[in-house]
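> Prediction below, plus the sequence it came from.
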Amino acid sequence: MPSNVKSLTKILRRPLLGLLSFALCTFLFAQPGLSLNDGQQLVLDTWRLVNEGFLEPSKFDQIQWRNLRRKALEKPISTSEQAYEAIEAMLLPLGDPYTRLLRPMDYEAMKASNLGSEINGVGLQLGARNEDEEIVVIAPLEGSPAADAGVVSGTALLSVNGESPRSLGLEATAARLRGEIGSQVVVTLKPPNGEIEEITLERRSVDLRPVRTRRLRNESHTLGYLRITQFSEGVPEQVNEALEELSEKGIEGLVLDLRNNSGGLVSSGLAVADAFISRQPIVETRNRQGINEAIPAGIETSYEGPMVTIVNGGTASASEILAGALQDNHRSQLIGSRTFGKGLIQSLTNLSDGSGIAITVASYLTPSGRDIQNSGIQPDRILDMPEPLNPGATEDRWLQDAELLMGATLDREGTDTMILQVTEEIPTESLAEQANVFSTKESINGP
């Protein structure tokens with residue numbers, strides 16, 4: 001396991017140490033003579049995990065965090081649903097949509113997504129917009145009902161079957177969009193710079209296929225195209241295999257496509273960064289004590305050639321870590337549009353009844369110290385709008401721009417190499433004579 005992945009794993013494990021003390025906590029927090037049932041214990045376990053791991057403990061005093069625990073345990077809790085509602089009410093005042101409870105079915109769906117398998121639903125990857133608390137589309141999954149319907153990144157989700165996502169919250173909204181294959185869901189959307197529309201989407205099985213690759217050839221150059229749509233568990237190995245295969249085919253440069261990659265496992269994002277960067281910092285994490293920890297790349301890389309990276313408003317979280325590392329280390333130009341801006345890291349822990357809790361435990365900075373939360377990463381070159389809705393297709397204008405940029409870079413490098421070779425062949429005396437000629441011309445022509 002690469003050292004950077006080990007470092008991140010250590011960060012994410014710290015908040016989980018409290019699991020060992022749950023039995024003791026029951027006696028500390030319960031009233032004398034009061035025996036907690038399974039639902040109450042679930043509430044208590046959740047409170048303890050958040051109390052020990054949440055990134056901003058300063059919020060606890062502001063929202064009277066201990067009182068929220070007491071109020072939650074005072075409610076009648078005799079069913080799992082009552083426990084879930086008590087937990088959600090307890091977490092809401094934290095004001096962090098990414099610290100959330102995942103009911104058993106939602107938790108299983110998230111784990112399946114992280115494993116890179118198929119999911120059932122409409123294929124909308126959602127995030128919370130900070131300025132107005134709207135639930136917005138980070139990106140549609142490629143080949144999903146949402147993508148087929150033309151839903152674009154940045155679209156606000158106004159209702160799901162008549163319910164307000166702002167009231168439901170991030171996870172409950174996502175749960176409403178999942179369901180049995182063939183069933184339908186009615187959503188009200190407001191695209192960026194567009195009119196409000198209501199559409200009906202039919203749920204189906206979506207093959208995530210997180211890594212896609214092919215060779216791009218024209219009259220002058222042979223390039224590799226590598227598209228990563230999410231960072232699930234097996235992605236680093238798939239990326240290394242793809243890079244090896246492309247290198248064997250003699251590619252001269254690489255186009256890396258991170259459009260609509262909403263993230264996934266940060267450890268997978270770091271491992272992919274290792275494939276392109278050697279010895280340089282990939283990311284800097286900041287924990288609840290305010291301590292910054294830099295995570296460097298290893299020595300070995302899978303690809304050292306020239307590359308260009310395409311990003312857009314659907315590029316978020318772990319994919320922004322990769323994009324920021326490539327840009328700050330001058331490893332690759334970024335082209336496209338500004339990224340989403342999710343600079344928070346969550347740990348995911350299973351609870352005793354099969355549900356899970358996601359907790360924001362750290363934030364991250366790019367190697368140059370940029371905090372991209374809510375602001376995103378500005379590409380080196382902004383590409384023309386409207387943005388193509390079919391990344392990787394033959395008519396994808398942004399991919400065509402990337403090919404042209406990569407070709408120009410290779411031509412320039414070839415010219416520089418030729419000039420260097422010619423210069424090395426010219427005797428020292430000839431160089432001195434040329435210098436005198438240039439000096440004479442400057443004197444004749446004036447300053």
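Great, that's in hand.
> which element follows the strand of greatest length in the chain toward the C-terminus?
Using DSSP state E to define each element, the chain has its longest strand at strand 356-365. Sequence-wise, the next helix or strand downstream of strand 356-365 (DSSP states H and E) is strand 381-382.
> Which other helices and strands does that next one contact?
When contacts are defined as 3 or more CB pairs under 8 Å, 6 or more residues apart in numbering; DSSP states H and E, strand 381-382 sits against strand 333-336. (Each C-beta comes from the backbone N, C-alpha and C, glycine too.)
> Can I get the longest strand of the chain in PDB, CA atoms only?
Extracted in PDB, the C-alpha atoms of strand 356-365 (Å, rounded to 0.1, in the frame of the first residue of the first chain):
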ATOM      1  CA  GLY A 356     -23.900   3.800   8.600                       C
ATOM      2  CA  ILE A 357     -22.700   7.200   9.600                       C
ATOM      3  CA  ALA A 358     -20.700   9.600   7.300                       C
ATOM      4  CA  ILE A 359     -18.700  12.200   9.300                       C
ATOM      5  CA  THR A 360     -16.700  15.100   8.000                       C
ATOM      6  CA  VAL A 361     -13.300  14.500   9.700                       C
ATOM      7  CA  ALA A 362     -10.900  16.600   7.700                       C
ATOM      8  CA  SER A 363     -10.500  19.300   5.000                       C
ATOM      9  CA  TYR A 364      -7.900  19.400   2.400                       C
ATOM     10  CA  LEU A 365      -5.700  22.000   0.600                       C
END
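> now this protein, which segments are flagged as low pLDDT?
By pLDDT under 70, the low-scoring segments of the chain are 1-34, 116-118, 130-132, 414-447.
> mind giving me the domain ranges of it?
Structurally, the chain divides into domains by automatic domain parsing as follows: 3-101, 118-206, 211-409.
> ok, back up a step: ok, the longest strand of the chain: who's next to it in the sheet?
Sheet pairing of strand 356-365 (DSSP bridges) gives strand 100-102 (antiparallel), strand 281-286 (antiparallel), strand 344-350 (antiparallel).
> residue ranges for the helices of the stretch 1-150 of the chain, please.
Assigned by DSSP state H, counting those that start in this stretch, the helices in the stretch 1-150 of the chain fall at 3-13, 22-29, 38-53, 58-63, 65-74, 80-91, 104-115, 145-148.
> Adding mean neighbour count, write those out as CSV.
Output for the helices of the stretch 1-150 of the chain, formatted as CSV (neighbours: other CB atoms under 10 Å):
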stretch, mean neighbour count
helix 3-13, 17
helix 22-29, 12
helix 38-53, 21
helix 58-63, 12
helix 65-74, 16
helix 80-91, 19
helix 104-115, 16
helix 145-148, 21
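> Can you add distance to residue 157 and give those back as CSV?
As requested, those are exported to CSV (distance: least, CB to CB, whole Å):
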stretch, distance to residue 157
helix 3-13, 29
helix 22-29, 36
helix 38-53, 26
helix 58-63, 26
helix 65-74, 28
helix 80-91, 19
helix 104-115, 17
helix 145-148, 10
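> For residue 377, find the nearest of those.
helix 3-13 (19.6 Å; CB to CB).
> coming back round to it: of the strands paired with strand 356-365, which is nearest residue 317?
Proximity to residue 317 (CB to CB) singles out strand 344-350 among these, at 8.0 Å.
> now that closest one, how far from the centre of its chain.
Remark: strand 344-350 is offset 13 Å from the chain centroid, using CA atoms, centre = their mean, to the nearest Å.
> and it, which residues are buried?
Buried residues in strand 344-350, defined by neighbour count with 16 or more other CB atoms under 10 Å: 344-349.
> Report the inter-axis angle for it versus helix 38-53.
Comparing the axes of strand 344-350 and helix 38-53 via axes from the mean of the first three to the mean of the last three CA atoms, to 10 degrees yields an angle of 150 degrees.
> before we move on, back to that, kindly reformat the strands paired with strand 356-365 as JSON lines containing distance to residue 253.
Compiled in JSON lines, those are given as follows (distance: least, CB to CB, whole Å):
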{"stretch": "strand 100-102", "distance to residue 253": "41"}
{"stretch": "strand 281-286", "distance to residue 253": "22"}
{"stretch": "strand 344-350", "distance to residue 253": "32"}
